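**Student:** Give me coordinates for this.
(one chain, ligands or ions: 1)
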Amino acid sequence: MLAATGRESSSRGAPIRHAVVVDGEIEVSWQNSGVTARFSPFWLRDHCHTPESLHPDTLQRQVDTFSIPTDIAPERLELADGGSTLRVIWSHDGSVSILPSDFLRGMAETSGRIAAPRRRLWDRASMQRNFPIMEHTEIASGDPGLLRWLSMVEEHGFALASGVPDTLEATQQLVERIGYVRETIFGGMWDFTANLAFKDTAYTSAAIGPHTDGTYSFDSPGYQMFHCLQFDGTGGESTLVDGFKVADQIRRADPLAFEVLSTVKVPAQYLGDGVHLRAEHPVIALDHNGDFAQIAYNNYDRAPFSLAPTRMAAFYRALKLFNELINDPAYEITMRLEPGTALLFDNWRTLHGRRAYQGYRKLCGAYLNKEDVESKLRVLRAVAGGGGTP
Ligand SMILES: [Fe+2]
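**Tutor:** Numbering: from 1, shown residues only. Below is the predicted model of the structure:
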């Protein structure tokens with residue numbers, strides 16, 4: 001029988017109502033919903049969930065994809081466990097593939113892509129002074145506190161921690177609660193005062209306009225932590241801008257500029273200290289859904305490149321608009337980083353800058369990789385949800 005129909009059941013998740021072969025594909029529909037999806041037989045065999053085909057712990061593929069017959073076809077479809085499992089009996093060798101209903105339903109709804117997280121875009125007016133902040137003791141006390149803090153960073157693109165001991169070691173411990181410190185040309189965990197040893201404007205006391213770090217890196221640092229350990233002077237407030245808010249504004253107000261900013265790959269470079277890094281990113285990178293994925297903007301580090309004349313003019317016009325908005329006080333928040341208050345921000349979303357300052361300032365910090373912070377969030381959420389450590 002090339003169709004299977006399930007009875008109403010009380011199994012958890014989304015039980016399959018019906019599975020049938022249509023035009024050589026397997027069409028699945030679910031109970032209590034209008035969701036229907038088609039899967040190719042080859043794909044279903046490749047994603048079989050038996051332990052011989054999919055490692056039960058690591059979810060690594062065990063099936064030999066390339067030994068699956070290209071014309072593989074089902075002999076029979078069956079629903080098991082009240083519709084929570086689809087069984088496919090293959091005609092060429094009589095073997096059975098098992099596909100959980102929830103797995104197929106998830107694929108039907110997302111194509112296996114990860115949706116952008118829930119974000120709250122902000123500008124100066126909406127953020128006001130209600131900065132996301134948590135006590136260091138709560139963050140350090142256990143996974144629930146850390147999950148809450150990282151969720152704040154995910155939602156707003158930054159969060160503060162108060163009551164952090166004003167030492168590099170304590171700051172490093174906080175970073176390492178999340179993931180490991182990323183090593184770059186600047187080292188790992190760093191601290192500095194005004195220091196011209198490095199050929200980078202971050203090491204002077206002049207004002208620095210809003211930017212993201214590592215535009216010259218293929219994998220720009222995902223997150224950055226700052227902790228001011230000592231300050232004796234005036235000025236030096238940190239500035240943050242929600243790059244996704246600015247991108248959203250441009251998308252609404254100037255689609256032509258948005259098209260340019262989201263497609264033209266802008267090269268950037270870092271030269272000095274025996275290295276020459278070079279990479280390119282669009283100013284506004286989008287994911288497969290058109291959601292914002294990454295802002296990469298540092299006009300100081302942009303490398304020479306040219307486009308056809310009309311495209312070049314469109315690029316400069318769009319870049320000027322972006323630069324105007326990120327420097328518009330309406331989009332900017334400012335804060336004075338003080339000993340005891342650490343700032344963690346998403347360097348793929350939040351632009352940072354600094355007012356000029358006079359006096360003595362000692363800052364420490366570190367980069368974290370995007371993937372490591374996201375991994376930590378997934379693990380913490382799985383544990384909090386009762387799923388155990390993946
Ligand atoms: Fe920076």
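
**Student:** Could you use CA atoms for every contact and neighbour count after this?
**Tutor:** Will do.

**Student:** Low-confidence regions, the stretch 151-300 of the chain specifically.
**Tutor:** 194-204 (pLDDT under 70).

**Student:** all helices for it, in order.
**Tutor:** 168-178, 243-253, 255-263 (DSSP state H, counting those that start in this stretch).

**Student:** three-state assignment of the residue nearest to Ala257 when sequence neighbours are not counted?
**Tutor:** Of all residues not flanking Ala257 in the chain, Ala318 sits nearest, at 4.6 Å (C-alpha to C-alpha, 6 or more residues apart in numbering). Following DSSP: H, G, I helix; E, B strand; the rest coil, we place Ala318 in the helix state.

**Student:** Can you say which of the helices of the stretch 151-300 of the chain is nearest to Gly359?
**Tutor:** Of all those, helix 168-178 sits nearest to Gly359, with 20.3 Å by C-alpha to C-alpha.

**Student:** what comes up buried for stretch 45-61?
**Tutor:** Arg45, Asp46, His47, Cys48, His49, Ser53, Leu54, Arg61 (16 or more other C-alpha atoms under 10 Å).

**Student:** List just the nearest of those to Phe218.
**Tutor:** Using C-alpha to C-alpha, Arg61 comes nearest to Phe218 of the buried residues of stretch 45-61, at 28.2 Å.

**Student:** Show the pLDDT at that closest one.
**Tutor:** Looking at Arg61, its pLDDT reads 96.

**Student:** which one is it nearest to, not counting chain neighbours?
**Tutor:** Nearest to Arg61 is Leu54, by C-alpha to C-alpha, 6+ apart, at 4.8 Å.

**Student:** got a list of what that neighbour touches?
**Tutor:** Neighbouring residues of Leu54 by C-alpha atoms under 8 Å, 6 or more residues apart in numbering: His47, Cys48, Gln60, Arg61, Gln62, Val63.

**Student:** what kind of secondary structure is the last one in?
**Tutor:** Meaning Val63. Applying three-state DSSP: Val63 is coil.

**Student:** thinking again about what came up before, tell me the spacing between the residue nearest to Arg61 and Ser97.
**Tutor:** Between Leu54 and Ser97 the distance, using C-alpha to C-alpha, to the nearest Å, works out to 11 Å.

**Student:** joint contacts of those two?
**Tutor:** Counting by C-alpha under 8 Å, 6+ apart, the common neighbours of Leu54 and Ser97 are Cys48.

**Student:** Just the residues contacting stretch 117-137, thanks.
**Tutor:** So stretch 117-137 is contacted by 149, 152, 154-156, 158-164, 241-242, 244-245, 329-333 (C-alpha under 8 Å, 6+ apart).

**Student:** Around the closest residue to Phe226 other than its chain neighbours, how many other residues sit close by?
**Tutor:** Among residues not flanking Phe226 along the chain, Gly365 sits closest, at 4.5 Å (C-alpha to C-alpha, 6+ apart). Burial of Gly365 is recorded as 23 neighbouring residues (other C-alpha atoms under 10 Å).

**Student:** Just checking: what are the partner strands of the helix or strand hosting Gly365?
**Tutor:** Per DSSP states H and E, Gly365 falls inside strand 357-368. Sheet pairing for strand 357-368, assigned by DSSP bridges, gives strand 190-192 (antiparallel), strand 223-235 (antiparallel).

**Student:** Dump those strands to CSV, plus mean neighbour count and distance to Leu377.
**Tutor:** Shown next, in CSV, are the strands paired with strand 357-368 (neighbours: other C-alpha atoms under 10 Å; distance: least, C-alpha to C-alpha, whole Å):
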stretch, mean neighbour count, distance to Leu377
strand 190-192, 15, 25
strand 223-235, 20, 13
